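Engineer: Let's see this in three dimensions:
(one chain, ligands or ions: 1)
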Amino acid sequence: MITPLLGTSFIGYSRSTSTEICGHGIQPGSGTRLEPAYLAASADEVAQTMALAAAAFPVFSNLPGKTRATFLRSIAKEIESVVEDIVERGQLETALPEPRLRGETARTCGQLRMFADLIEEGSWVDARIEHAQPDRAPLPKPDLRSMLRPLGPVAVFCASNFPLAYSVAGGDSASALASGCPVIVIAHASHPGVAEIVASAVIRAARATGMPEGVFSVLYGGGRKVGQAVVQHPVTQAVGFTGSRAGGTALMESAAKRAQPIPVYAEMSSINPVVLLPDALDRGEEALAEAFFGSLTLGVGQFCTNPGLVFLPSDRGDTFLTRLQSRIEAAAPGTMLNAAICQAFADSTDAVAATPGVSTLARAQPGGPGQGSPAVFVTTVCDFLAHPELQHEMFGPATLIVRGSIEEITAALESMEGQLTASLHASEAELTAHSTLINALQQRAGRLIFNGFPTGVEVCSSMVHGGPFPSTSDGRSTSVGTMAIFRFTRAIAWQAFPDAALPLELQEANPLAIRRLVDGQPCA
Ligand code: NAP
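Structural biologist: Next comes the predicted model:
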């Protein structure tokens, strides 16, 4: 391990000195406590962090996009230089296998470089220019120019289930930094060591590229104490979160109660319905069951896109169920990310199994401490509608199969809460024939998948990883892909300003050569 682990927070370019222990990394399964102890940031240290972020904002937000891009690329390089540390510590803290940790590190660095490309090119600011018309009757028109500008310091809560891609230097941090916002990260108790390794890499990059102190801080001490203090601090201007519905809604409430309410972009619970229509079943129920089993059990089911609900026509699909049952019964239990997630999985599957009208189709053998066993339950649309609690997330490798006629399935979809994804297995003719069902999916999900499964989120400019509440707190946004940058911005218009006083993006000569909308016409 080349990164020394000190157990202290990163307050800008300093390390915290408080001595209150808030926890250790814990090896899932064995429960072994890992060294060092992690120390909670004190109230004074939170205040220092916020003061540094406030001071960094005007400097950082006014740096040219190319300079911020250099910072993002440097973070990616620094993270790559400690990938062996990440893999070593990550396996101990999360039980995630080495290939997953390497893959997630690569994805994290890829995201940083994607945002670097975006801000280096510069057109993302959506610059719009309307020239003055002093002679317009009955009233003259003033010169008006607008573009997106960063909001200010952003609080980012790390996710338990993505120690890299949705944590210290994950998508929320990358998009906030790209937009020009300083970031204050609240480390997750599940992987404090990985957080320290990545935070050290980010700070090295910030120093090497001459970023203002306070552009990036990482605090230990948990979300409920330190995280809440950051969210309620007047300097904070937005929040990025991935975790439970209870945690996300608590933050939405805190943010709304501030003297100045701020936006919270929380990704919470989603059960990602999969609809199987007759033509898809006719193409091969066994192959469909195999592919579904792979998606359900990937990563011990601990993905926000895990397919936790399947709608199956009641007059079809017996072979699908038989194959799925045999795969589940023979499946191995897997070690889950932490003891709390494992317990929550056991509790939620027991609750579904005990719901009137639900039968257990298959459950794998119980595992050892910290392990979750795949499970499949079956019910009817009628019982699903009678028990709204069956829409609650079972965070792990479990799914509920709901059977009914296509009309009943459509009615059930129309009763559902917002989802990150909805998957439809069908023929093109069925797409046309069942437009009401397709509309119901479209109303409720951020991403519609045709003849595929929801796990695996491509990082690219057209990805939408968001959806109506409660899948996220604000269905107008995405936390993955280049559109994620817009969450941390607001549009500002300049009226009748002298050219030299305008941001370069809006100056008449277009010195950055970006794409703009000039008098209603796209111009390069
Ligand atoms: P969590 O309990 O919501 O915790 C995530 C972060 O939020 C932690 O830093 C936590 O801090 C903080 N937090 C929780 N409640 C808070 C509150 N009232 N005020 C301020 N901060 C708060 O989520 P988790 O530990 O990652 O996993 C628990 C469950 O969440 C899982 O079993 C699963 O059901 C769900 N989950 C869903 C997704 C998804 O993408 N759908 C992803 C991960 C987890 P503390 O350490 O102080 O609690």
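Engineer: and the host helix or strand of I129, what does it pack onto?
Structural biologist: Using DSSP states H and E, I129 sits in strand 128-130. The helices and strands touching strand 128-130, judged by 3 or more CB pairs under 8 Å, 6 or more residues apart in numbering; DSSP states H and E, are strand 144-150, strand 516-518. (Each C-beta comes from the backbone N, C-alpha and C, glycine too.)
Engineer: pLDDT of that strand, averaged?
Structural biologist: In this model, strand 128-130 has a mean pLDDT of 98.
Engineer: Make 20 the first number, not 1, from now on.
Structural biologist: Understood, numbering begins at 20; the last thing we discussed is strand 147-149.
Engineer: Can you pull out the residues in contact with it?
Structural biologist: If you take CB atoms under 8 Å, 6 or more residues apart in numbering as the criterion, strand 147-149 is touched by 160, 162-166, 525, 535-539.
Engineer: if you set the cut-off to 7 Å instead, what comes out?
Structural biologist: Strand 147-149 has contacts (CB atoms under 7 Å, 6 or more residues apart in numbering) with 163-165, 525, 535-538.
Engineer: Could you find the closest non-adjacent residue to K96?
Structural biologist: What sits nearest to K96 in space, not counting adjacent residues and going by CB to CB, 6 or more residues apart in numbering, is A224, at 7.4 Å.
Engineer: Run through the residues that contact the one you found.
Structural biologist: Counting by CB under 7 Å, 6+ apart, A224 has contacts 90, 93-94, 97.
Engineer: Out of the residues you listed, which comes closest to the ligand?
Structural biologist: Comparing the contacts of A224 against the ligand with CB to the nearest ligand atom places I94 closest, at 21.7 Å.
Engineer: what residues does the stretch 220-369 of the chain put near the ligand?
Structural biologist: Residues of the stretch 220-369 of the chain found near the ligand (CB under 6 Å from any ligand atom) are 241-243, 246-247, 261-263, 266, 269-270, 286-289, 323, 360, 363.
Engineer: repeat that with 5 Å
Structural biologist: Contact residues (CB under 5 Å from any ligand atom) of the stretch 220-369 of the chain with the ligand: 241-243, 246-247, 262-263, 266, 269, 323, 360, 363.
Engineer: PyMOL command for the buried members of those residues?
Structural biologist: With 16 or more other CB atoms under 10 Å as the criterion, this PyMOL line picks the buried residues out of these:
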select buried, resi 241+242+246+247+262+263+266+269+323+360+363
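Engineer: could I get the residues of the stretch 220-369 of the chain next to the ligand as JSON lines with pLDDT and secondary structure?
Structural biologist: Formatted as JSON lines, those follow (pLDDT from 0 to 100; DSSP: H, G, I helix; E, B strand; the rest coil):
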{"residue": "G241", "pLDDT": "97", "secondary structure": "helix"}
{"residue": "G242", "pLDDT": "97", "secondary structure": "helix"}
{"residue": "R243", "pLDDT": "97", "secondary structure": "helix"}
{"residue": "G246", "pLDDT": "98", "secondary structure": "helix"}
{"residue": "Q247", "pLDDT": "98", "secondary structure": "helix"}
{"residue": "G262", "pLDDT": "97", "secondary structure": "coil"}
{"residue": "S263", "pLDDT": "97", "secondary structure": "coil"}
{"residue": "G266", "pLDDT": "98", "secondary structure": "helix"}
{"residue": "A269", "pLDDT": "98", "secondary structure": "helix"}
{"residue": "C323", "pLDDT": "96", "secondary structure": "coil"}
{"residue": "I360", "pLDDT": "98", "secondary structure": "helix"}
{"residue": "A363", "pLDDT": "97", "secondary structure": "helix"}
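Engineer: Pull the most distant pair out of the residues of the stretch 220-369 of the chain next to the ligand.
Structural biologist: Q247 and C323 (22.8 Å; CB to CB).
Engineer: With pLDDT, neighbour count and distance to L317 as new columns, can the contacts of strand 147-149 be given to me in TSV?
Structural biologist: What follows is the contacts of strand 147-149, written out as TSV (pLDDT from 0 to 100; neighbours: other CB atoms under 10 Å; distance: CB to CB, whole Å):
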residue	pLDDT	neighbour count	distance to L317
L163	98	15	50
R164	98	24	48
S165	98	18	43
L525	98	23	46
R535	98	21	43
L536	98	14	42
V537	98	15	48
D538	98	10	50
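Engineer: of all those, which comes closest to A515?
Structural biologist: For these, the nearest to A515 is L163 (8.1 Å; CB to CB).
Engineer: Quick check: bridge partners of the closest one?
Structural biologist: Here L163 sits in beta bridges with E149, Q514, going by DSSP bridges.
Engineer: Give the full set of residues in contact with it.
Structural biologist: 149, 512, 514.
Engineer: and Q279, how many residues sit next to it?
Structural biologist: A total of 8 residues lie near Q279 under the criterion other CB atoms under 10 Å.
Engineer: Look up how far the ligand lies from it.
Structural biologist: Distance, Q279 to the ligand, using CB to the nearest ligand atom, to the nearest Å: 19 Å.
Engineer: mind checking which helix or strand the closest residue to that residue other than its chain neighbours is in?
Structural biologist: Distances taken as CB to CB, 6+ apart put P253 closest to Q279, at 6.7 Å, once the chain neighbours are dropped. P253 is part of no helix or strand, with elements assigned from DSSP H and E.
Engineer: Make a markdown table out of the contacts of L163 and add distance to the ligand and neighbour count.
Structural biologist: Conversion of these to a markdown table gives the following (distance: CB to the nearest ligand atom, whole Å; neighbours: other CB atoms under 10 Å):
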| residue | distance to the ligand | neighbour count |
| --- | --- | --- |
| E149 | 42 | 17 |
| A512 | 35 | 12 |
| Q514 | 40 | 11 |
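Engineer: got the residues of the stretch 70-219 of the chain near the ligand?
Structural biologist: So the stretch 70-219 of the chain meets the ligand at 176, 179-180, 207-208 (CB under 5 Å from any ligand atom).
Engineer: Out of the residues you listed, grab the one that's most surrounded.
Structural biologist: H207 (28 neighbours).
Engineer: what pLDDT does that one get?
Structural biologist: The model's pLDDT for H207 equals 98.
Engineer: again, but for A543
Structural biologist: So, for A543, pLDDT stands at 80.
Engineer: In contact with it, which residues?
Structural biologist: R534.
Engineer: How many residues are close by A248?
Structural biologist: With other CB under 10 Å as criterion, A248 counts 20.
Engineer: what about it, is that helix, strand or coil?
Structural biologist: helix (DSSP: H, G, I helix; E, B strand; the rest coil).
Engineer: Please enumerate the strands of the stretch 20-169 of the chain.
Structural biologist: Taking DSSP state E, counting those that start in this stretch to define them, one finds strands in the stretch 20-169 of the chain at 29-30, 33-34, 40-45, 52-58, 147-149, 163-169.
Engineer: Flag every buried residue along the fourth one.
Structural biologist: It stands for strand 52-58. 53, 55-58.
Engineer: export these to CSV and tack on pLDDT and distance to the ligand?
Structural biologist: Listed next are the buried residues of strand 52-58 as CSV, based on pLDDT from 0 to 100; distance: CB to the nearest ligand atom, whole Å:
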residue, pLDDT, distance to the ligand
L53, 98, 17
P55, 98, 18
A56, 98, 16
Y57, 98, 11
L58, 98, 15
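Engineer: Contacts only, for the residue nearest to E140 when sequence neighbours are not counted.
Structural biologist: Of all residues not flanking E140 in the chain, I533 sits nearest, at 7.3 Å (CB to CB, 6+ apart). Going by CB under 7 Å, 6+ apart, I533 touches 141-142, 146, 524.
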